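Fold the following, please.
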Amino acid sequence: MENINKSSLELLDECKICPRQCKVNRNQGKKGYCKESSTVCISRAALHMWEEPCISGEEGSGAVFFSGCAMRCVFCQNHSISDGTVGKEVSIERLAEIFIELQQKGANNINLVTPSHYVVQVIEALKLAKAKGLTLPIIYNSSGYEKVETIKMLEGYIDIYLPDFKYMDEHLAKRYSNAKGYSTYAKAAIKEMVRQVGEPVFDERGIMKKGVIVRHLALPNAEEDSKAIIRYLYETYQDNIFISIMNQYTPLEGVKDYPEINRKLTDKEYDLLVDYAIDLGVENGFIQEGETQDESFIPSFDYEGV
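Alright, predicted model coming up:
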């Protein structure tokens, strides 16, 4: 542990990394809302082909799926790992090795999936990996429910931010994710992300090297909220960010008590949202085509690469 900054890990003695601010001592094995202690747990580290084209490319994104989550979305597609029940413990040194191994496999980037509650450990692992030759762009792939102070800790370590903007409406945020103040936190976090990395940069293959892509998963019966999010993002950032409008919402077991979202998004609902974005003037965007709800975007959390 001689290369690990122990003082940074002390932030977990009274954890306030995310908006939940549980203040539990994760270094003593206590677990807060994210259901994880200070020991990193991951469920998969492998080439991932299902991100936006400028992220996955033909070679794949080096996706590291972290266990636990500061959200509690009733419709979560990765619920088996987000609820903390699936995951293998790894040391910070091993996490650094995993980053290097993904680079050796030809990944276009290192894609940190749901890493918010492990920011301190991730930074230490990145330091070790960069010292051992890691040169790939680093992606921070998160729920958008972030504290600005935590995002500021990542400056200089993250090249691409890939946050969600799930809700503008406070009622929806509370109902589906128990996330009080979601839009306020997401707006502030995205502003800081854009400040850090600036305008999008791509290589000659069209693979993103730097920038911000904000994802929005369209939900059934939430058209006005989706429009409000797209409008806010475009009016605030114009072409300085990309907006990814997703139609892959799939009603799983967790939404059986939420009849208004207990169905797939219709083609009409999605097309109206895309048309709205186009009419606004959005050009830097991604849309999904085909029956994405019937296609598995959920990998096997079988500890591959761990």
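
residue ranges with poor pLDDT in the stretch 201-306 of the chain?
For the stretch 201-306 of the chain, the stretches flagged by pLDDT under 70 are 290-298.

Can you give me the neighbour number for Lys23?
11 (other C-beta atoms under 10 Å). Backbone N, C-alpha and C define where each C-beta goes, glycine included.

I'd like to know how far the nearest residue to it once chain neighbours are set aside sits from Ile230.
Leaving out its chain neighbours, the residue that sits closest to Lys23 by C-beta to C-beta, 6 or more residues apart in numbering is Glu14, at 4.9 Å. From Glu14 over to Ile230 the distance is 38 Å, taken as C-beta to C-beta, to the nearest Å.

Ok, Phe65 next?
27 Å.

neighbour-wise, which of those two wins?
Neighbour totals were compared for Phe65 and Ile230, and Phe65 leads with 28 against 24 (other C-beta under 10 Å).

The more buried one - that's part of a strand, no?
Yes. Assessed with DSSP: H, G, I helix; E, B strand; the rest coil, Phe65 lies in a strand.

Dig out what it forms beta bridges with.
Arg44, Val113 (DSSP bridges).

I figured it hits Asn78, correct?
Yes. Counting by C-beta atoms under 8 Å, Phe65 touches Asn78, with 7.3 Å between them.

circling back to that earlier point, help me confirm that the residue nearest to Lys23 comes into contact with Gln28.
No. Glu14 is beyond contact range of Gln28, at 10.6 Å (criterion: C-beta under 8 Å).

average pLDDT across the helix or strand hosting Glu149?
Using DSSP states H and E, Glu149 sits within helix 148-153. What helix 148-153 shows for mean pLDDT is 98.

What's the first helix or strand after it?
Using DSSP H and E, the helix or strand that follows helix 148-153 towards the C-terminus is strand 160-163.

Now do the residue lying closest to Gly206 once chain neighbours are set aside: how many residues are near it, please.
Nearest residue to Gly206, sequence neighbours excluded (C-beta to C-beta, 6+ apart): Cys54, at 5.8 Å. Neighbour count for Cys54, taken as other C-beta under 10 Å: 20.

For the residue most central in space within the chain, give me its contacts.
For the chain, the residue nearest the mean C-alpha position is Ser142 (2.1 Å; C-alpha atoms, centre = their mean). Applying C-beta atoms under 8 Å, 6 or more residues apart in numbering to Ser142 gives the contacts Thr114, Pro115, Ser116, Tyr161, Leu162, Pro163, Asp164.

Could you do Ala129 as well?
Ala96, Glu97, Phe99, Ile100.

one more time with 6 Å
Contacts for Ala129 (C-beta atoms under 6 Å, 6 or more residues apart in numbering) come out as Ala96, Phe99, Ile100.

Could you identify which of those residues has the most neighbours?
Going by other C-beta under 10 Å, Phe99 tops those with 25 neighbours.

Doesn't it lie inside a helix?
Yes. Counting by three-state DSSP, Phe99 is located in a helix.

pLDDT, distance to Ile245 and neighbour count added to the contacts of Ser142, as a markdown table?
Supplementary listing: the contacts of Ser142 in a markdown table, determined by pLDDT from 0 to 100; distance: C-beta to C-beta, whole Å; neighbours: other C-beta atoms under 10 Å:
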| residue | pLDDT | distance to Ile245 | neighbour count |
| --- | --- | --- | --- |
| Thr114 | 97 | 21 | 22 |
| Pro115 | 97 | 23 | 22 |
| Ser116 | 97 | 23 | 28 |
| Tyr161 | 98 | 17 | 27 |
| Leu162 | 98 | 14 | 27 |
| Pro163 | 98 | 14 | 23 |
| Asp164 | 98 | 12 | 22 |
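
Noted, bye for now.
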